[in-house]
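Novice: following is a predicted model, sequence given first.
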Amino acid sequence: MEPAKHPLNRPLRFWLITLLVFAVLGAAIFAPILGKRMKRAARLQQQSEEQARRELTQPIPVNPSDPRVKAKLFWLSDADNSVLAPVVVELPLSNDPVLRSKQVLNTLLAGPVDAELRTLPPDAVLLAFYLLPDGTGVADFSAALATSIPSGIASEQLAVDSMARTLEANVPQVKRLKILIHGQEVETLAGHVDLTGTFVVNADTGQTPANSAAAGAASKTSAFIAPPSPLTPDHRVVKLAQR
Amino acid sequence: MVVLDPAHGGTDLGARGTGGIQESEITMEFAAEVRRALEQQGFQVVLTRQGNDNPSFDDRSAIANAQRGAVFITLHIASTGLPGTVRVYVNSDLPPVTSPNGFIPWDRAQAPYLGLSRKLGDLVQGMLMQRFKGSPDTAQTGTIRQLRTTAAPAIAVEVSSVVVNDRSDLDHMAPGVADAIARGVVAFKPFYVIPGTGGASP
């Protein structure tokens, strides 16, 4: 027996087919446009991530009105000697101690022309720098400072000393240096050098070591950098490597 | 007693160099050599680790801190430096702090021993300089985590480096390093007076 035909079957079929044709036509027209828009959105997102990264890693913007001064940066004297040597670099430096500390530390991170003489890994980033009222400078670095530095007593000590001595030479307001990795205190830089304490930057703190020690004992301990070792004369004026 | 500390171990490989060289492995080999040289000089030697484990800094220090009159030597292989040279490190100044009951806080246990560590470091570095040209003539200072909690004359010996053409270059250094350390410890013995004991020798 033949099934009974519904009276609306024929018009319904017509409209369904018409709708389907329009849907296919619409998709054919709008799909490439949608694709282009999605690609553009993805590109914009990528650009903003890139921008954020660049903002994070970019050295502190240089203010042209800042006076150009001869800054002393401490890098290695030669690749094997494991001794720091000051290099004089003309830089526009802010008078504000926090900005000035960021400027010199970023220049130190950027490294000298000869990459073998750098003391800090090239992919490390200074995330933040704070100056506490007691003269303690707190430098917060990205994890790359700890993960990319060659592990060892000599290499880690030179990294820390190069920061302390560069700050000492250029920012008299910073008396001590505390190093954080991604906002956290860590036990060692890369397995050897103690980062639980602070490093003396400007010894003329007006604070006796005993006081420092008592302060340190309350919150873990203080570490004290070695007295300056003999340096090569600081007569070299060099160009900086481009980041 | 001499407490020898082959640095790193377990998952902490330490410095890694050419041809799969791992600091944690080489320090064990050096420790075995140094142990032999010290025992030949009549010293009792204890290692902070026996195999490929990684005791904490505090656990390593505790082995020396539990002994009266111990000497602590931590052995390292650097990632940098002139290959074939050896550097001795002592902790830089840690101002001594004693609690009201006369105890020294654990986290600055090294403070009363800094003078002795410096003496031991200079003696060992002097011996090493004679064998390994290009090495410094006196001990360097550093803020070394392992030494800070050690209540004994304590030094770090760092050999350069894991970046050598051939692993045998490092292997060949081991007997010389061991002999220099043993001679340095022998030379140090007459100077070793335990702090706070009114002149008692270990």
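Specialist: Here it is on my side, so go on. Numbering: from 1, shown residues only, chains lettered A, B, ... in the order given.
Novice: use CA for all of it now, contacts and neighbours both
Specialist: Noted.
Novice: show me what the helix or strand containing A:S162 is packed against.
Specialist: A:S162 belongs to helix A:153-170 when assigned by DSSP states H and E. Contacts defined by 3 or more CA pairs under 8 Å, 6 or more residues apart in numbering or on different chains; DSSP states H and E place helix A:153-170 against strand A:68-76, helix A:97-110.
Novice: and the gap between the residue nearest the centre of chain B and B:I155?
Specialist: Closest residue to the average C-alpha location of chain B: B:I73 at 2.3 Å, with CA atoms, centre = their mean. Using CA to CA, to the nearest Å, B:I73 is found at 5 Å from B:I155.
Novice: now A:P172
Specialist: Note on A:P172: its distance to B:I155, by CA to CA, is 33 Å.
Novice: kindly report the same for B:H172.
Specialist: In terms of CA to CA, B:H172 sits 22 Å off from B:I155.
Novice: what does A:V98 give?
Specialist: Counting by CA to CA, the gap from A:V98 to B:I155 is 37 Å.
Novice: then A:T188?
Specialist: To B:I155, A:T188 is 17 Å away according to CA to CA.
Novice: quick one: which of those two has more around it?
Specialist: Ranked by neighbour count (other CA atoms under 10 Å in any protein chain shown), A:T188 and B:I155 place B:I155 first, with 31 against 17.
Novice: give me phi/psi at B:S160?
Specialist: Backbone torsions for B:S160, taken as degrees, to the nearest 10, come to phi -100, psi 130.
Novice: quick one: contacts for it?
Specialist: B:I77, B:A78, B:S79, B:T80, B:G81, B:L82, B:P83, B:G84, B:T85, B:V86 (CA atoms under 8 Å, 6 or more residues apart in numbering or on different chains).
Novice: domains in chain A, by residue range?
Specialist: Domains of chain A are assigned by automatic domain parsing as A:10-57, A:68-218.
Novice: buried deepest among these, which one?
Specialist: Highest mean neighbour count of the domains of chain A: domain A:68-218, a mean of 20 (counted as mean count of other CA atoms under 10 Å in any protein chain shown).
Novice: pLDDT weak spots in chain A?
Specialist: A:1-8, A:43-62, A:81, A:204-243 (pLDDT under 70).
Novice: let me see the ranges of the helices in it.
Specialist: A:9-57, A:97-110, A:144-148, A:153-170, A:209-218 (DSSP state H).
Novice: which strands and helices sit next to the longest helix along chain B?
Specialist: Longest helix of chain B, by residue count under DSSP H: helix B:167-188. Counting by 3+ CA pairs under 8 Å, 6+ apart, the packing neighbours recorded for helix B:167-188 are helix B:23-40, helix B:114-131.
Novice: returning to that earlier point: for chain B, find the nearest of the helices and strands packed on helix A:153-170.
Specialist: Distance to chain B, taken as CA to the nearest CA, is lowest for strand A:68-76 among the helices and strands packed on helix A:153-170, at 11.2 Å.
Novice: say whether chain B is contacted by that closest one.
Specialist: No - with CA under 8 Å from any CA of the partner chain as the criterion, chain B is not reached by strand A:68-76; the gap is at least 11.2 Å.
Novice: and for that strand, what are the contacting residues?
Specialist: Contact partners of strand A:68-76, identified using CA under 8 Å, 6+ apart, comprise A:82-93, A:104, A:107-108, A:111-112, A:117-119, A:162-163, A:165-166, A:169-170.
Novice: where does pLDDT dip in chain B?
Specialist: Low-confidence segments of chain B (pLDDT under 70): B:94-100, B:197-201.
Novice: up against chain A, what does it have?
Specialist: Within reach of chain A by CA under 8 Å from any CA, chain B has these residues: B:14-15, B:76-82, B:92-97, B:107-108, B:141-146, B:158.
Novice: give me the neighbour count for the nearest residue to B:H8 once chain neighbours are set aside.
Specialist: For B:H8, ignoring the flanking residues on the chain, the nearest one in space by CA to CA, 6 or more residues apart in numbering or on different chains is B:S24 at 5.0 Å. B:S24 sits with 25 neighbouring residues when counted by other CA under 10 Å.
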